Structure formats: structure tokens, C-alpha cells
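Asks: The sequence and its predicted three-dimensional model are supplied below.
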Amino acid sequence: MAITKINGGITAPKGFLASGLNAGIKNQTKKDMAMVFSSTPCAAAGVFTSNLVKAAPVKWDKEIVTTSPYVQAVVVNSGIANACTGAEGLGYCADTAAEAAAALNIPKTAVLVASTGVIGKQLPIDKIKSGVTALSKVLGSSREDAKLAAEAIMTTDTKSKEVACTLELDGKQVTVAGMCKGSGMIHPNMCTMLCFVTTDVAISHELLQKALSEDVVDTFNMISVDGDTSTNDTVLVMANGQAENTPITKEGEDYKTFCEALHFIMLELAKKIAGDGEGCTCLFEATVIGAKDKNQARTIAKSVVCSSLTKAAVFGHDANWGRILCAMGYSGAQFDPEVVDIWLESKAGTIKIVENGIATDYSEETATKILSEEEVIAKMDIKEGNETATAFGCDLTYEYVKING
């Protein structure tokens, strides 16, 4: 099965429209509202923050995804998170959905909502409603329309994040696409991150939810920027069936093929978030190989990518392998530190810095060159089995403190 990456965004699959604009939530210049709409009903799936403090849109979407027979639209605002806003905030979710339902001629229960931004402030609901009406009139399927939507959901992101791919399934060409935002308050088990995936694949709600819930474990739940888990984390997938493949209603080859395409999109978007961490200068990946099981590999990889000292060393282009081994040791996973091998990799090359728990006679100069690239990988072999896992993060910089200070 060949997955082909294409130049596209959220509107790439058949039947999806989108746009983004300025509704005056942030200021009078920056885009701050987006809408995604399917011309036909969609199966929907969602995964949400593990934080006990859940924003109003998270509560609304969990209910819609669980109980509504279908969805057709998502309305997103940036600038205000609508978190810790009580009954009033939840009511604004209903008001937003009702406004979109009227503008798009669909049921209120077919509208999902999402917010990102400052916690504790109430939404300017009049501006939200006006934004919904305006968006409904400018929705389009072009590449530019997708770009406008991706830009409108950004907060401290330095760049918009989009990806799309095509593949053959059941003799039909199908498309999967996505957009996301996230830069700060990013930690395993999701983050201050919103992600929206669209596809024209025909698939049941049950299998769509299963595919998403299982895939997030090795994608969005394996990224970290700063160790903070947000109140608004949301990943939503909408599948409208317009590719006209035989509907996927049971696990088999077609389901497996779809899962591989979904994973491609989710992984690409997760890495884009990790590589755009607040103030960061590089994407930092930690890969564990030779693990006895997936849980051991994931636990160790996440510990390394979350280590503040390791992240600071990456920023300083310093091959301080002791920090990596230390982070592995306090991860909670059991392994023998005296057999561990560690490499550093990037476009500049590969260097082995630890063998059997002891430093090799490596060149500091070469290591610095490797650590000076925009994508850096630490690979650790614990020599206990055949499982592997990768966590995604970034370096820790002065700029991160300035942004959040």
C-alpha cells in the first residue's frame, strides 16, 4: 500500500470545505476563527485531554461524538480557551453550535466546537456568532481555503501545520488530511493542541473511534514541549464516505490500510507540533530500540524527551550523554544500564557516544555538528527485545522562558 503525500490541507478530501478569518477575538488583524464543513454527514471520532480540568468545548465534543448519529461541521476559535468558565462557557458552546446549525442548515447536534487560548475568560459570544455567519458565506475547497483555516487556529505557533495524503483503498482513490495547532503547554497525553482530520473514506463510527484511540498512543501521546498537560486537548476525525469505497465495518485489510494512512497524518502533525515548541530551535526525537515490550520503550523514550537537562543540552549542542542515561534511569522502567548503547543522529551524521553504559572515545566536535541541525535524534538500545518507540519534543531555550514569563 503506497501512501502519497500531497500538497494539501483540510479541504483535500472530497466534500470538505473550510475557511478562516478575523472575528475580532484577539485583535483587528489576526485570523482567529475557522470552520470546517462537510457537504454530507460524517462518522466522527474524538480523543480528548486527560486533565481533570476540562474546557467547555471538550465536554461538548465528547457528548456529540458519543451520542450524535453524525456530524458535519467544526467551529474553532483561537485567543480564548473557554476553560474554567462554568455553565456560561458550556452554554456558549451550545450557542455557537446553534448559530452554525442555522447558517449551514444542519442539526445543532452535528456541530463540533473547539477553542484555544487564555484560560478563564468568557468568549465574546456576539463576535463568535458573527464569525460563524461570516465563515459560512466564504467556505471553499481550495488550497488557500485550507490554509486560511490552519492559520486561524494558531496561538503562539510560529507556523501553520497541515498535511494530506492519498492512497488506494478498495479500488478507489481516497484522501486523508489534517491540520493542527500547538506550541506551548505540550506534554504526553495530548497538549494545548487542537487537531482536525478529514477523510472521504467510508468507515463506521465504531472503527473510526478505534483507529483514532489506538493511533494516538504512538503519535500525539508521545510528544512533549514543556511537561504541562492542557485543558483543551482535542483530536477530531470526520469521515464522509465520498470516496465511495465499500464501507469499512469490520477489521480486515481495508481497515488496516486506513489505519496506516491515519497514522501517517497523525505522526506528521505530531512532529510538526513538537518541532514548533515555544522558543525552540530544533525537533528532538528520542528512540528506544531493543525493548522487551512497547510500554517499556514508550516510558523510557518519553522520559528522555521530557528531561529539562537533556533538552537544555540539545539547545547548547552539548553531547551530555549522562543526562540521557539519567533520564532513562528515573523513567520507572526497568533495564540494565550497563548494557545500554546511545547514538546521536541528524542530517550531519551519526555518532555512537555510549557503549555498554560507558562513554566511547567520540569527537566532541563531530557531536556538536550533529546537534546543531534542525532535527536531532537520540537513539538508545537497551538490548532486551525487539520492540521500539519514539517520543518527540524540542530543545529548551531562553526564548521559552521569555514567552511564558
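Replies: Yep, that arrived. Numbers count the residues shown, from 1 in each chain.

Asks: which residues in the stretch 1-150 of the chain form helices?
Replies: For the stretch 1-150 of the chain, the helices defined by DSSP state H, counting those that start in this stretch occupy 56-67, 86-104, 125-138, 143-152.

Asks: what angle sits between the last one and helix 125-138?
Replies: In this case it means helix 143-152. Interaxial angle, helix 143-152 versus helix 125-138 (axes from the mean of the first three to the mean of the last three CA atoms, to 10 degrees): 160 degrees.

Asks: Okay, now the sheet partners of whichever helix or strand Glu285 is part of, with direction.
Replies: Using DSSP states H and E, Glu285 sits within strand 283-291. Note on strand 283-291: by DSSP bridges, its sheet partners are strand 375-381 (parallel), strand 387-394 (antiparallel).

Asks: quick one: the shortest one to chain centroid distance?
Replies: Okay, so that is strand 375-381. Taking the mean of its C-alpha atoms, strand 375-381 sits 21 Å from the chain's own mean (CA atoms, centre = their mean, to the nearest Å).

Asks: List the buried residues in that strand.
Replies: Residues of strand 375-381 classed as buried: 376-381 (neighbour count, 16 or more other CB atoms under 10 Å). All C-beta spots, glycine's among them, are computed from the backbone N, C-alpha and C.

Asks: and those residues, which two are the farthest apart?
Replies: Greatest spacing in the buried residues of strand 375-381, by CB to CB: Val376 and Asp381 (17.5 Å).

Asks: Tell me who's in contact with Gly120.
Replies: Residues near Gly120 by CB atoms under 8 Å, 6 or more residues apart in numbering: 81, 83-85.

Asks: Would you mind measuring from it to Ala81?
Replies: From Gly120 across to Ala81, the span is 8 Å (CB to CB, to the nearest Å).

Asks: try Val176
Replies: Distance from Val176 to Ala81, by CB to CB: 28 Å.

Asks: Which one's more surrounded, the two?
Replies: Per other CB atoms under 10 Å, whichever of Val176 and Ala81 has more neighbours is Val176, with 30 against 26.

Asks: Which residues does the more buried one form beta bridges with?
Replies: Applying DSSP bridges, one finds that Val176 bridges with Cys165, Thr199.

Asks: Pretty sure it sits against Leu169.
Replies: No - judged on CB atoms under 8 Å, Val176 makes no contact with Leu169 at a distance of 9.9 Å.

Asks: which residues are common contacts for these two?
Replies: 201, 258, 261.
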